[in-house]
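# here is my input; please provide its structure:
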Amino acid sequence: MALSAKKQKRYYRKNVDFFKLVAKLKLWPSRSGTLHGIKSMKIIGDTAEITTHCNETFQIQNSKHSRAARCLRNKLFFHSCRTCKIPQWKLEKYAGTHMSQSYGATL
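Okay, the predicted model is just below:
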């Protein structure tokens, strides 16, 4: 007997701390429009060091108005990284996430 899986909508606030949003989603949009999965994230003051599943390491700034923050909030990406192998369920969960100014979890 198959249960009908109802897609749950998730709401997060738009102006939440950027590091908390990245840590919760575990996804990173690159400048080329590729979506990477995050393996680890180490916060060092106002910067963070991110390691993706394709073993790229880089540092990011804590900015709510950055290119990456806008891409995560507006879901602007072209495809997912083949090396990171982001599962389909995670992409569907990310697609079902809504960012709202006045409603949702504050993380």
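# every contact and neighbour count from this point should use C-alpha atoms.
OK.
# where does pLDDT dip in the protein?
Flagging of the chain using pLDDT under 70 yields the residue ranges 1-6.
# next, the buried residues of stretch 61-74.
62, 64, 68-69, 71-73 (16 or more other CA atoms under 10 Å).
# got the phi/psi numbers for residue 77?
Main-chain torsions, residue 77, degrees, to the nearest 10: phi -150, psi 160.
# all further residue positions should be reported with the first residue as 33.
That works, and once the first residue is 33, the last one we named lands at residue 109.
# from residue 127, how far off is it?
11 Å (CA to CA, to the nearest Å).
# the two: who's more crowded?
Neighbours per residue (other CA atoms under 10 Å) separate residue 109 from residue 127, with residue 109 holding more: 16 against 13.
# contacts only, for that one.
By CA atoms under 8 Å, 6 or more residues apart in numbering, the contact set of residue 109 is 61, 65-67, 103.
# farthest pair in the residues you listed?
66 and 103 (10.7 Å; CA to CA).
# now for the strand or helix carrying residue 43, which elements pack on it?
Residue 43 belongs to strand 42-45 when elements are defined using DSSP states H and E. The contact analysis (3 or more CA pairs under 8 Å, 6 or more residues apart in numbering; DSSP states H and E) places strand 42-45 against strand 129-132.
# so which of the buried residues of stretch 93-106 belong to helices?
100-101, 103-105 (DSSP state H).
# partner strands of the longest strand seen in the chain, parallel or antiparallel?
Secondary structure of the chain per DSSP state E: the longest strand is strand 66-76. Partners of strand 66-76 in the sheet, by DSSP bridges, are strand 59-61 (antiparallel), strand 79-84 (antiparallel), strand 111-112 (parallel).
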